[in-house]
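Chemist: Based on what follows, work out the 3D shape:
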Amino acid sequence: MLTSVRKAPPSDRPPPARSRGRAGRWAGLALLAALLAAAVVAGFAVGAEAIPPGEVLAAVFAPDGSEHALIVQELRLPRTLLGIGVGAALGLAGALMQALTRNPMAEPGLLGVNGGAALAVVVTMSLFRTDEVLVYIWAAFGGAAGTFVLVYLIGAHGRGGASPGRLVLAGAAINAVFTALTAGLMLLSPKTFNSFRFWQVGSLGGRPLEVFWEVLPFFLAGTVLALLLARPLNALDLGEDAGRALGVRPGRTRALGAVAVVVLAGAATAATGPIAFLGLAVPLIVRAWVGPDQRWVLPYSMLLAPALLLAADVLGRVATPGELETGIVTAFLGAPLFMLMVRRGGMRKL
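Modeler: The predicted model follows:
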């Protein structure tokens, strides 16, 4: 005798694993957005002169000419906005670089892009004697683009093509040469040295608000291009043949990815100077959190990187009686992470 089995109504069934994973990732994005908002509030409130959080909004949107309003408008608003833009740019550039090279240890600084941008800025300072930030941006773009092309050509020379290990070695060699050239030019021109030493450290402070508005279009263009490449990069991760079968053009995707890296890293480096390890550490943390799917890696990196950069900036303000530059703080925090990954065998993936 057959007995009928009543099926449970759809509402009684547990959600599929994929749905739970997607919900968790959206929750993670919301958490990062809240973390970034907290870092922004801290960026406005914390410093040599503490400002109560209740006065921050009034000082930003309805300044009354008070001392706190002037501090917020003239000092902390520019560096906080730059922290958001530069952090997002470096996080996206690092994630793109690692996806394009299939190298978990890649970032614009390790592949020589920041060194090329720095050399171009020094040459510009030496030849044109200008303090216009927009000129530095275009110089940094040219240096970053030329360096990326040079590193890729060197890494692609010979059998095996542009393997991740070759790209890292080529980037290290080019970066060493460009660093030496930069130092030589500064020694030949004391005025250039005085101008460049403030830019070289990497800092969010000392920049007027106009700097943010000048680099904002480049940040927006690079961000849109980077996010549009998420699906093609996922397809290329399966291999070039599989990517072509899915309708992706590998050459075009790599070229657009390189353009996005140059635009993002070039604008960030021109605006604040080279800030190390942020583009390396953030994508590594994000991939350990959400996996290799670039549709999530890129937006997560875009939120986590500025939150960490603003936190480093705030830490630099309170760590010493004076002020520690942001680039120094990120180097202190990022270098131990890099050494830890090497000790744990991270370089075996190259």
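
Chemist: what's the longest helix in the chain?
Modeler: Scanning the chain for the helix with the most residues, using DSSP state H, yields helix 17-45.

Chemist: residues of it that come out buried?
Modeler: Neighbour-count burial for helix 17-45 flags 25, 28, 29, 32, 35, 36, 39, 40, 42, 43, 44, 45 (criterion: 16 or more other Cβ atoms under 10 Å). Glycine gets a C-beta too; all of them are placed from N, C-alpha and C.

Chemist: swap in stretch 208-226?
Modeler: Buried residues in stretch 208-226 (16+ other Cβ under 10 Å): 211, 212, 214, 215, 218, 219, 222, 223, 225, 226.

Chemist: For the third one, report the pLDDT, please.
Modeler: Translated: residue 214. In this model, residue 214 is scored at 87, pLDDT.

Chemist: Relative to residue 132, how far out is it?
Modeler: From residue 214 across to residue 132, the span is 9 Å (Cβ to Cβ, to the nearest Å).

Chemist: swap in the fourth one?
Modeler: The span separating residue 215 from residue 132 equals 13 Å under the rule Cβ to Cβ.

Chemist: how about low-confidence regions in the stretch 101-250 of the chain?
Modeler: 110, 130-131, 133, 158-165, 194-195, 197-199 (pLDDT under 70).

Chemist: what ranges do the helices span in the stretch 251-350 of the chain?
Modeler: 278-290, 294-318, 326-343 (DSSP state H, counting those that start in this stretch).

Chemist: In contact with residue 114, which residues?
Modeler: 108, 144, 175, 265, 269, 274, 276 (Cβ atoms under 8 Å, 6 or more residues apart in numbering).

Chemist: Any idea how many residues pack against the third one?
Modeler: If I follow you right, that is residue 175. Using other Cβ atoms under 10 Å, residue 175 is surrounded by 22 other residues.

Chemist: Assess the claim that it and residue 117 are in contact.
Modeler: No - Residue 175 is not in contact with residue 117 according to Cβ atoms under 8 Å; the separation is 11.0 Å.

Chemist: ok, back up a step: which two among the contacts of residue 114 are spaced furthest apart?
Modeler: Maximum pairwise distance in the contacts of residue 114, criterion Cβ to Cβ, is 15.1 Å, between 144 and 276.

Chemist: Please say which of these two ends up with more neighbours.
Modeler: More crowded of residue 144 and residue 276, by other Cβ under 10 Å: residue 144, with 31 against 23.

Chemist: And the more buried one, which helix or strand is it part of?
Modeler: Residue 144 is part of helix 133-156 when elements are defined by DSSP states H and E.

Chemist: With residue 182 as the reference, measure out to residue 107.
Modeler: 19 Å.

Chemist: Tell me which of those two has more neighbours.
Modeler: residue 107 (31 against 21).
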